[in-house]
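# make a model of this:
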Amino acid sequence: MEISLEVQQKNFFRLIRDVDFSSFDYISLSDQDDIWDDKKLEYAIKIIEGNNLEGYSSDVIAFWSNGKAKSLKKSYPQKKFDYLFEAAGPGCTYVFRRKSIQRFKKFLIVKWNDVILVELHDWMIYAYFRSRGMRWQIDNKPLMHYRQHEFNQFGANYGLKAYFFRFLKIKEKWYRKEITNIFQLVNQDINDGFSLKTSFLIKNFWSLRRRPRDAIILFILLIFRLF
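Down below sits the predicted model:
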């Protein structure tokens, strides 16, 4: 039986809130049906240690039940405000130092009623880390296969169906609402004069999304008041 996307996201928030991981050095998120490379965690920890990071994520290989596979690139250069507009990639690639995720855990407990209004846990976590100046790297080496279902179209963004699904989400103001919820949760730590006013977003559109194509699409949506 498949579990809805919304339930999955809140389960990750609940797990971070409730599970005691104080005796571990590193914490990683995992979906039960993805396929990890044997060296995934070893490699991620090496990158974290070598670059003095607080959080790590990476590109993945998306795959479908019909045998189709596609490289999913998330490691475009990070932008000044990208964390308010997108996650750092699929949450199943995330790895953290214990002390770093414990900081998020404390925040989650205090802000629980507001945080659970955010549907995407991977986006919320990335926004928290980046808004507090915690070092995060999005690596270009895919060490896991990310299984695709109907409910995780957000993952691969592949094909006309996925683009249409995303367009409907934008039209229904879901994307704007998610950005607003996240911004309200982390804005006390943003000292760069960020604003959700359309004029500010148009002026700074290149700093909002990592992938150039996505930044241009967002700019068009802003110009035509579709966002």
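# the residue nearest in space to the middle of the chain: what's it in contact with?
The centre of the chain sits closest to Ala87, judged by CA atoms, centre = their mean, with a distance of 2.1 Å. Counting by CB atoms under 8 Å, 6 or more residues apart in numbering, Ala87 touches Leu120, Asp122, Trp123, Tyr126. Every residue, glycine included, has its C-beta placed from N, CA and C.
# Three-state assignment for Asp33, please.
Three-state assignment for Asp33 (DSSP: H, G, I helix; E, B strand; the rest coil): coil.
# number of nearby residues for it?
For Asp33, the count of nearby residues is 10 (other CB atoms under 10 Å).
# try Phe107
A total of 16 residues lie near Phe107 under the criterion other CB under 10 Å.
# do the same with Thr180
Residues lying near Thr180 (other CB under 10 Å) number 14.
# confirm that it sits in a strand.
No. Using three-state DSSP, the secondary structure at Thr180 is helix, not a strand.
# against Phe205, how distant is it?
To Phe205, Thr180 is 17 Å away according to CB to CB, to the nearest Å.
# helix or strand: which one has the nearest residue to Thr198 once chain neighbours are set aside?
Distance criterion CB to CB, 6 or more residues apart in numbering; nearest residue to Thr198, sequence neighbours excluded, is Leu222 at 5.9 Å. Using DSSP states H and E, Leu222 falls within helix 212-223.
# with Lys70 instead?
Assigned by DSSP H and E, Lys70 belongs to strand 69-72.
# go through that strand and flag the buried ones.
Using 16 or more other CB atoms under 10 Å as the test for burial, strand 69-72 gives Lys70, Leu72.
# dump the contacts of Ala87 into a markdown table; add distance to Leu29 as well.
Below are the contacts of Ala87 laid out as a markdown table (distance: CB to CB, whole Å):
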| residue | distance to Leu29 |
| --- | --- |
| Leu120 | 12 |
| Asp122 | 8 |
| Trp123 | 13 |
| Tyr126 | 12 |
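# need the nearest residue in space to Phe107, chain neighbours excluded.
Computed as CB to CB, 6+ apart, the closest residue to Phe107 that is not its neighbour in sequence is Tyr128, at 6.2 Å.
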